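Enquirer: Output the structure for:
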Amino acid sequence: MLNKLAIVTTFLIATASSVAAMPIRTVYENDANSKAIELKVWKGYGLTINLMSTGETIKQVWIGDPSRFAFTSNGGLCQSSGGDSNCTGGKATVIFLRQIDPINFPVTSSSNGSTQITVLTNEKQYQFKIVPATGNPTYTSLVIKSDSERPLPIPRPRTPQPLTVQKPQSAPSDFPQPSPPPQTIKVSPPQPVALMRPNPGTTLNGAIQRNDANALAFGLAEAGRKGQVRPGSTTWNKVQDAIKLLRRGKTRDEAILLSRVDKTTFHQLLEWGAIVSDFLRYIREELNTFCICVGFKVKEKCPNYSNKNDEI
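Expert: Model (predicted):
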């Protein structure tokens, strides 16, 4: 009896572990709208389509060929025959799809049983290709996230260019010396630089708003490091929206209004970011000055360096 109980307990633990380890597939709003996404629905497992992160509610759902798939939702949907796109009944945020035994409908089915599902929300429309599958699933849930939660790319630092300077002339002596031949400065070929085209008539304002956006990004990173703003929180996402609005040319007041970020938090992060930005600019200027000064000292102490065309 004890052996049977141990075997059953081991089986239940293994089953719970396998269920907990089911992976989730994540896409962002723009990707879901602009790319043809194929979803597999595994027999015996099903698939959930989760829109909670976007804040949207599902109004209606249509399946092109309903002979192989059925769906349920976690809330009511609008009546398909009502013709009211602004109905108050659509409160669902999650759809659950599952395979069913094929039904003989008078419709044309594809050879592999695939079809199209259309999800209409209070803001936009999503379309996915769904395909029946068997075996062990690689995912059982599709989570659609807001584009504001997409990680920002890390900018690559620019490689400093080598500096070439002219060797300083020595002090005149008591005896006339022949004039040295003129020395030339070797200039590296120009490097391609990516330029951002400003909006017409807003060059100065655009520069100020880009500086504000960079300072706000520095401030947000500092707040995250201190643990005062948690990454992925509502405040974090609102500040990310404000950064995007500033980079699109919006003023500070417009960015605060449209992103709905707290005004005090906005200005506090802007102040922190300005301090970090000024410090980085000071370090960069000091490094440039230091490199030039070291170059002069090296040439005074190393005469043999002059046969290398005065390059540092």
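
Enquirer: May I see the buried residues of stretch 133-142?
Expert: Neighbour counts over stretch 133-142 (16 or more other Cβ atoms under 10 Å) mark 133, 137, 139-142 as buried. The way it works is simple: take the backbone N, C-alpha and C, and place the C-beta from them, glycine included.

Enquirer: Oops, could you answer that again for stretch 267-281 instead?
Expert: For stretch 267-281, by 16+ other Cβ under 10 Å, it's 269-270, 272-274, 276-277.

Enquirer: between the buried residues of stretch 133-142, which is nearest residue 249?
Expert: residue 142 (34.8 Å; Cβ to Cβ).

Enquirer: Return the residues in contact with the closest one.
Expert: Shown in contact with residue 142 (Cβ atoms under 8 Å, 6 or more residues apart in numbering): 24-27, 39, 47-50.

Enquirer: which among those residues end up buried?
Expert: 27, 39, 47-50.

Enquirer: quick revisit: got the contacts of residue 142 as a markdown table, with pLDDT columns?
Expert: Formatted as a markdown table, the contacts of residue 142 follow (pLDDT from 0 to 100):
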| residue | pLDDT |
| --- | --- |
| 24 | 91 |
| 25 | 92 |
| 26 | 92 |
| 27 | 91 |
| 39 | 93 |
| 47 | 95 |
| 48 | 96 |
| 49 | 95 |
| 50 | 95 |
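
Enquirer: Please tell me how far the closest residue to residue 73 other than its chain neighbours sits from residue 101.
Expert: Leaving aside its chain neighbours, residue 73 sits nearest to residue 92 (3.8 Å; criterion: Cβ to Cβ, 6 or more residues apart in numbering). Separation of residue 92 from residue 101 (Cβ to Cβ, to the nearest Å) stands at 25 Å.

Enquirer: Neighbour count for these two, which is higher?
Expert: Using other Cβ atoms under 10 Å, the more surrounded residue of residue 92 and residue 101 is residue 92, with 21 against 6.

Enquirer: Just want the phi and psi numbers for the more buried one.
Expert: phi -70, psi 150 (degrees, to the nearest 10).

Enquirer: List the contacts of it.
Expert: Counting by Cβ under 8 Å, 6+ apart, residue 92 makes contact with 57-58, 73-77.

Enquirer: first vs last residue of stretch 128-143, how far apart are they?
Expert: Stretch 128-143 has an end-to-end distance of 13 Å (Cα to Cα, to the nearest Å).

Enquirer: From residue 121, how far off is residue 252?
Expert: Separation of residue 252 from residue 121 (Cβ to Cβ): 32 Å.

Enquirer: try residue 224
Expert: Applying Cβ to Cβ to residue 224 and residue 121 gives a distance of 31 Å.

Enquirer: Settle it for me: which of the two has more neighbours?
Expert: Taking other Cβ under 10 Å, residue 224 and residue 121 do not tie; residue 121 has more neighbours (19 against 15).

Enquirer: Select the helix or strand of this structure having the lowest average pLDDT value.
Expert: Ranking every helix and strand in the chain by mean pLDDT, DSSP states H and E puts helix 2-20 at the bottom, with a mean of 50.

Enquirer: Look at the residue lying closest to residue 145 once chain neighbours are set aside and give its secondary structure.
Expert: Spatially, and ignoring its direct neighbours in sequence, residue 145 is nearest to residue 53 (4.4 Å; Cβ to Cβ, 6+ apart). Put simply, residue 53 is helix when judged by DSSP: H, G, I helix; E, B strand; the rest coil.

Enquirer: Quick check: pLDDT value at residue 53.
Expert: Looking at residue 53, its pLDDT stands at 90.

Enquirer: Isn't it up against residue 150?
Expert: No. Assessed by Cβ atoms under 8 Å, residue 53 is found out of contact with residue 150, at 11.3 Å.

Enquirer: higher neighbour count, these two?
Expert: With neighbours defined as other Cβ under 10 Å, residue 53 and residue 150 compare such that residue 53 has more, 18 against 13.

Enquirer: ok, the more buried one to residue 41 distance?
Expert: Separation of residue 53 from residue 41 (Cβ to Cβ): 21 Å.

Enquirer: who touches residue 215 in this structure?
Expert: Residue 215 touches 270, 273-274, 276-277, counting by Cβ under 8 Å, 6+ apart.

Enquirer: ok, back up a step: need the buried ones among the contacts of residue 142 in CSV (columns: secondary structure and distance to residue 63).
Expert: Formatted as CSV, these follow (DSSP: H, G, I helix; E, B strand; the rest coil; distance: Cβ to Cβ, whole Å):
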residue, secondary structure, distance to residue 63
27, strand, 20
39, strand, 12
47, strand, 13
48, strand, 15
49, strand, 12
50, strand, 18
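
Enquirer: how about the helices in the chain?
Expert: 2-20, 29-34, 203-226, 234-247, 252-259, 263-301 (DSSP state H).
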